[in-house]
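> Predicted model and sequence below, questions to follow.
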Amino acid sequence: MNLSQMRIMRELAQRGTIAAVARHLHVTAPAISQQLAALHRELGVPLTYRVGREIRLTEAGMALAEMAGTVHTLIDRAAETVREYGDDTGARVRVAAFQSAGQALLPGLLAEGDADSAPALVFGEHDVAQPEFAELVDQYDLVIAHRMDHDEPWPSEQLSVTTLLSEPFDVAMSVDHPLAGRSSVSAAELADESWIAAHAGFAPDVALGVVEATAGVRFQRAHRVNDYHLAASLIVGGGLLALFPRYTAPRADPRLVLVPLEDVRIARNIDVLARPHALVRVAVAGTLERLRDAVDALQRTRPSAPVATGAGLHHVEVWLADVAAERASWAWLLDRVGFTMASDWSGGESWEAGDTYLTLTASPNLSADSHDRRRPGVNHLAFRAGSREAVDTLMAAAPEHGWQPLYQERYPHAGGEQHFAGWLENEAGFKVEVVADPDQ
């Protein structure tokens, strides 16, 4: 048994046909078949069987394919160890990115660190359909990819997936547009506008379809443009609208503003894909950490909407006793009532809706190890939740996500006959109210 045969087993487990493995390894299909036959003869155990045109692995074959991945990981670790002994801190790291993320994040990687000790970075731009990003991990150590919230997750059994950012789409418009001074806009208000759309199948066009569905009308797509720089020029010059990602779209032109949507949340995840064995390399893991830092800096320096002035609530900060244990229930609730995660870190996260934001965090200055809403102070937070049907749906689903109903015998009018709302409490003792719109 040799490394080439083990690699064939690993690729066959992922690709399913000898022809696909041959194309990936740049050899002929008969050469792959010969290697499999030789391996079978050597081990004396069936490793594959056919189902139509596909080659399936037996249990023994699956075990060998899994061990093949382990072997390649160990080889990479050994190579990394040799580099460290040789003081080869300039090892090459190959990074692929789609255009807008690449423009926002990759220049910072070149600017950081000591040139003598930083890895040699090799960049590649790939604007491909979402399913095709996973295939790039065979050419690159790190692949910066995007995935819409509603898309199927990445094949995590084959990839290591690190989410850098959940990035909402906002409405891009000229500062002279009548809606530009608003803190948020509804989908219905956008129905009569002319739009710049991306080509069909790309994330911005998918996002625009969601806004159309919310508004209940088909929007006028005046142009099809994938490049955000060109789209920005057309917007400021022609009174057009487009959907731009909040943090990674170009923002150099002061005549361009982004206004959040108030009644629909559309976001894309920016993820880093890698083979698990690639992250064993010190240089690759270090580059991934620098990408995380770059995203944190991006969120701090790019506000999501025009700054509001005048009276109103600016933000609320809630101290949690155990952020790790409580953040999942809060994330589910805030997402359901229309908040968008603006940033997160090891000790907390910040969520925003319009020009108000809510921060969930811990503090070394906590004076107690649990929350008691009956003590003097804030008793509960109340959120707008949309229609009465939306409140009913949220209340029904809440127990599965860490929130238990309160005052259920008086739901939905525990606050009065004219007030349609539900109350919930999580395991940490925090109480929230979800309120239906009064005109629903």
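That came through fine. Numbers count the residues shown, from 1 in each chain.
> drop to CA atoms for contacts and neighbour counts, all remaining ones
OK.
> quick one: low-confidence parts of the stretch 151-300 of the chain?
156-157, 252, 300 (pLDDT under 70).
> now the strands for it?
Under the criterion DSSP state E, counting those that start in this stretch, the stretch 151-300 of the chain carries strands at the ranges 160-174, 194-197, 220-224, 242-245, 256-259, 267-274.
> who wins for proximity to W351 among those strands?
strand 160-174 (11.2 Å; C-alpha to C-alpha).
> okay, the angle between the closest one and strand 267-274?
Relative orientation of strand 160-174 versus strand 267-274 (axes from the mean of the first three to the mean of the last three C-alpha atoms, to 10 degrees): 140 degrees.
> Summarise which helices and strands strand 160-174 is packed against.
helix 228-238, strand 242-245, strand 256-259, strand 267-274, helix 282-301, strand 340-345 (3 or more C-alpha pairs under 8 Å, 6 or more residues apart in numbering; DSSP states H and E).
> Could you check the angle it makes with strand 340-345?
Going by the same axes, to 10 degrees, strand 160-174 makes 130 degrees with strand 340-345.
> ok, back up a step: for the strands of the stretch 151-300 of the chain, give me JSON lines that also has mean neighbour count and distance to S350.
Converted to JSON lines, those look like this (neighbours: other C-alpha atoms under 10 Å; distance: least, C-alpha to C-alpha, whole Å):
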{"stretch": "strand 160-174", "mean neighbour count": "22", "distance to S350": "12"}
{"stretch": "strand 194-197", "mean neighbour count": "23", "distance to S350": "30"}
{"stretch": "strand 220-224", "mean neighbour count": "15", "distance to S350": "34"}
{"stretch": "strand 242-245", "mean neighbour count": "26", "distance to S350": "18"}
{"stretch": "strand 256-259", "mean neighbour count": "24", "distance to S350": "19"}
{"stretch": "strand 267-274", "mean neighbour count": "23", "distance to S350": "16"}
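> give me every residue that touches A96.
For A96, the contact set (C-alpha atoms under 8 Å, 6 or more residues apart in numbering) comprises F123, G124, E125, H126, L136, Y140, L142, V143, I144.
> In strands only, show me the residues you listed.
Mapping the contacts of A96 onto strands (DSSP state E) picks out F123, G124, E125, L142, V143, I144.
> one step back: I'd like the helices and strands packed on strand 160-174 laid out as JSON lines, including distance to W403.
Output for the helices and strands packed on strand 160-174, formatted as JSON lines (distance: least, C-alpha to C-alpha, whole Å):
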{"stretch": "helix 228-238", "distance to W403": "41"}
{"stretch": "strand 242-245", "distance to W403": "31"}
{"stretch": "strand 256-259", "distance to W403": "32"}
{"stretch": "strand 267-274", "distance to W403": "25"}
{"stretch": "helix 282-301", "distance to W403": "30"}
{"stretch": "strand 340-345", "distance to W403": "19"}
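> Compare these and report which one is nearest to V391.
strand 340-345 (18.4 Å).
> And for that closest one, what's in contact with it?
So strand 340-345 is contacted by 165-168, 265, 296, 299, 334, 349-353 (C-alpha under 8 Å, 6+ apart).
> what's the closest of those to T70?
Nearest member of these to T70, counting by C-alpha to C-alpha, is L165, at 29.6 Å.
> which residue packs closest to the closest one, ignoring adjacent ones?
I270 (5.2 Å; C-alpha to C-alpha, 6 or more residues apart in numbering).
> Specify the beta-bridge partners of the one you found.
Beta-bridge partners recorded for I270 (DSSP bridges): H146, L165.
> what about it, distance to L298?
Separation of I270 from L298 (C-alpha to C-alpha, to the nearest Å) stands at 13 Å.
> do L313 as well
25 Å.
> So which of these two has more stuff around it?
L298 (15 against 9; other C-alpha atoms under 10 Å).
> how about the nearest residue to that one, chain neighbours excluded?
That would be Y247: by C-alpha to C-alpha, 6+ apart, it lies 6.6 Å from L298.
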